[in-house]
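Trainee: I would like the atomic coordinates for the input below:
(2 chains)
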Amino acid sequence: MKTKSITEPPWDEPLNGISFKDLFDAVTEAMLLVDACGKIVMANPSALDLCGYTLNELRGHEVEAFIPQRFREHHRCYRKQYLENPRKRPMGNHSNLVLLHRDGDEISVDISLSPITIQQRIYVLLVLNVIDRRSQAEYALRESQERLWLIKQMIDVGIFDIDCVNHKIYCDERLQELCGNSVNENITLNDFFAVVHHDDRANCQAAFDKAINPHMSGEYRTEFRIMQSGNQKERWITILGETQFVMGKAKRIVGIARDITQRKQREKMLQQHRNETETLFKQQVAMITVSAIAHELNSPLTAISAYSEVVLHALNETPIDCDRAREAMNGCFEQAQLAGGKLYELLNFLQHNTAEAEVLDLNQVIEDALLLARGDGYGGFNLMLELEPCLPAVNANRFQIQRVLVNLIRNAVEAMRTANIPVSEITISVETLAKENMALVSIRDNGPGIDQDTLKRIFNPFFTTKPTGLGMGLSISRALVEANGGRLWVDPDFKQGAQFHFTLPFV
Amino acid sequence: MKKFNDFTVFIVDDDTAVRHSLMLMLKQQTINVQLFESAEQFLESNLPYQKGCIITDLQMPGMDGLQLQEVLGRKECTLPIIFLTGHGTIPHSVKAIKAGAVDFLTKPVTRKKLLACITSAFDECEKLLEAENSARRARSLLTKLTGREREVLAFVVQGLSNKEIAAHLGISHRTVEIHRSNVMQKTGAMHLLELKKIAQESNQHKLPH
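Mentor: I've put the predicted structure just below:
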């Protein structure tokens, strides 16, 4: 527009013949000339270009006709105020105006205003400058970032963005904070997994492998603890992300992370209560069972004891009271027989409640049992599964076999925990015993193992090495496996821990 | 056990062998034994004023040991009760002992324990019977008294003087003296102390059951 160079002498001459209209039409900026009533008097081609109307369509109309409805009233007031004190006002002073394009688009423009007096009438020259697209984009980005930040604040999540190709992870500020500020914004995945508690690392890695597997859903969902320095309480994090695949390859996982420590603590407490209740319940069951047996046996035992003392007394008499001794001995014999019979009756009664067998996929039962054990608070070990993919189905009761597996896993975890094994491992393998037409399941741990003395008694009812145990787990497990036509035994020669095996018949 | 020749042990238990074996054991000690297979059967047999004790199972089909104890208590039976139990649960024993059971034995019971219990039960029974007899004697003495004489007796044993008694009953001092000497004569009491004892015995409640 007006620059200093224009006013220099060599340029004066040719400018003399140029009219206001010539200049008005020549400039690239969009310009409008508006009279004191706000009616458009003139518009230059740039302005027509910008708003998509012809000059005839604009001329004579109030300028408010070309801005969105919602700004019109305000603009009229503004215009009146301006006319009370008309002065030059440059652009870029928050004097934004939104223009309505003929096709309905809204266009943000910066405007500058200059009053011009022609024949004692005041006009206002509007110079419109479309706000440049980059700053508009920056503005939008700023808005969207602010929005994201507010939402993150509200739902208290951290955000991660994994580059699956280069194995890097971006962690936002909140996630860094969740990780105990021991990670930076951009680190390698390995560095990230290093802050995960070592008991949960394998799980975390496995969930990642699953997420980047193009044949699966691409969901990255896992829970883990963060390694804590010092004596802080453990912190639980849950993450949920979705993998983006490009050409069948995992490229990027974006997701959120949340602190679920409180929930975990509540769950742990509830689990403890459940365990206590279960122990109580089991003790009650044991009490009732033993009472039933005691009740059945007490009378014959009372009689046998009394008869025996009668015999002893008769033998000490002189002469020996043979008749009475014989009578009492006979009673002894009958009562011992009766007691035995009652025991068998009781066992038969209890065995009548056997559950029904069904066709089972053993591999599935094992996975279910692992879930159950984890749910009961017996997780946190490295798991090796050596399953046979094409294993034939077995014929057994699902819940009984699950129970046996959970029991064996629990025992292994408890043994390893008690012995403070740094990296606890459980291996579960399944194989086919072709000759017997049976499946063989083996469960081994790397715990302290079982000593010779314990080995002999380990399947005895009420034998336990745990301070709060009832000592029924293994004897019940063995009974359950046997009820399903299999066998359960402990490997006496396994020295790297404990190893249990059981078999089940194929269908 | 010589001393207890005329005493009997009443065994109440639903198990034949338990009854039989205990009977053989007690017979060796020359103790009289009677067997009952249920509490109901024992009650039906209606044994009045027997000497001895009851050995009963706590848990029986039908009426159980505690219920039997309760019924006997109402009937003012003088027989002490020994409970035999398979599972001698504490609440049960407390209840039974509060109601006057002499002992609580867990099955299987030894001869030694059983005999010791029976001996103390017999002792207890004898004491009860003696108390019962003296009460009966005292009561029969008092039946000879007239209504007015009984009123006077009640005041006398409370330690009131003749004058006070006269005031209470609204009769003359002299009349009280006559009533009083009649009371002494009819009860055969030699002095006030003896009279007090008779009055006390006659009031004694019969049994701890």
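
Trainee: going by C-alpha atoms from here, please, whenever you check contacts or count neighbours.
Mentor: Fine.

Trainee: OK, contacts around the nearest residue to residue A:237 once chain neighbours are set aside?
Mentor: Distance criterion CA to CA, 6 or more residues apart in numbering or on different chains; nearest residue to residue A:237, sequence neighbours excluded, is residue A:259 at 4.7 Å. When contacts are counted by CA atoms under 8 Å, 6 or more residues apart in numbering or on different chains, residue A:259 touches A:157, A:178, A:235, A:236, A:237, A:238.

Trainee: among these, which are in helices?
Mentor: residue A:178 (DSSP state H).

Trainee: over to the residue in the stretch 1-150 of chain A positioned nearest to chain B: give its phi and psi.
Mentor: For the stretch 1-150 of chain A and chain B, the shortest gap (CA to the nearest CA) falls at residue A:150, measuring 65.4 Å. With angles defined as degrees, to the nearest 10, residue A:150 sits at phi -60, psi -40.

Trainee: how far does the longest helix belonging to chain B sit from its chain's centre?
Mentor: Assignment by DSSP H gives helix B:111-142 as the longest helix of chain B. Distance of helix B:111-142 from its chain centroid, counting by CA atoms, centre = their mean, to the nearest Å, is 6 Å.

Trainee: next secondary structure after the strand or helix carrying residue A:344?
Mentor: Using DSSP states H and E, residue A:344 falls within helix A:322-351. Going down the chain from helix A:322-351, the next helix or strand is strand A:358-360, by DSSP H and E.

Trainee: so after the host helix or strand of residue A:402, what's the next helix or strand?
Mentor: If you go by DSSP H and E, residue A:402 is part of helix A:398-418. For helix A:398-418, the succeeding helix or strand toward the C-terminus, using DSSP H and E, is strand A:425-433.

Trainee: ok, and what's touching the helix holding residue A:402?
Mentor: Helix A:398-418 is contacted by residues A:357-358, A:360, A:365-366, A:368-370, A:372-373, A:378-379, A:381, A:424, A:426, A:443-448, A:473-474, A:477-478, A:480-481, A:498, A:500 when judged by CA under 8 Å, 6+ apart.

Trainee: could I get the average pLDDT for that helix?
Mentor: For helix A:398-418, the mean pLDDT works out to 90.

Trainee: ok so, going back, and the helix holding residue A:344, what other elements does it pack with?
Mentor: helix A:261-316, helix B:16-28 (3 or more CA pairs under 8 Å, 6 or more residues apart in numbering or on different chains; DSSP states H and E).

Trainee: extract the CA atoms of the last one and return them as CSV.
Mentor: The reference is to helix B:16-28. C-alpha atoms of helix B:16-28 as CSV (Å, rounded to 0.1, in the frame of the first residue of the first chain):
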residue,chain,number,x,y,z
THR,B,16,-27.3,-101.8,72.6
ALA,B,17,-23.6,-102.6,72.8
VAL,B,18,-22.8,-99.6,74.9
ARG,B,19,-25.6,-100.5,77.4
HIS,B,20,-24.5,-104.2,77.4
SER,B,21,-20.8,-103.6,77.9
LEU,B,22,-21.3,-101.0,80.7
MET,B,23,-23.7,-103.4,82.3
LEU,B,24,-21.1,-106.2,82.3
MET,B,25,-18.6,-103.8,83.8
LEU,B,26,-20.9,-102.7,86.6
LYS,B,27,-22.0,-106.2,87.3
GLN,B,28,-18.3,-107.1,88.0
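
Trainee: which strands or helices does it pack on?
Mentor: If contacts are counted by 3+ CA pairs under 8 Å, 6+ apart, helix B:16-28 sits against helix A:261-316, helix A:322-351, strand B:32-36.

Trainee: cool, the first one as well?
Mentor: Based on contacts counted as 3+ CA pairs under 8 Å, 6+ apart, the elements that helix A:261-316 packs against are strand A:235-246, helix A:322-351, helix B:16-28.

Trainee: spatially nearest residue to the residue of chain B positioned farthest from its centre (excluding sequence neighbours)?
Mentor: Within chain B, residue B:172 marks the point farthest from the mean C-alpha position, 42.1 Å out by CA atoms, centre = their mean. Closest residue to residue B:172 apart from its sequence neighbours, by CA to CA, 6+ apart: residue B:166 at 5.6 Å.
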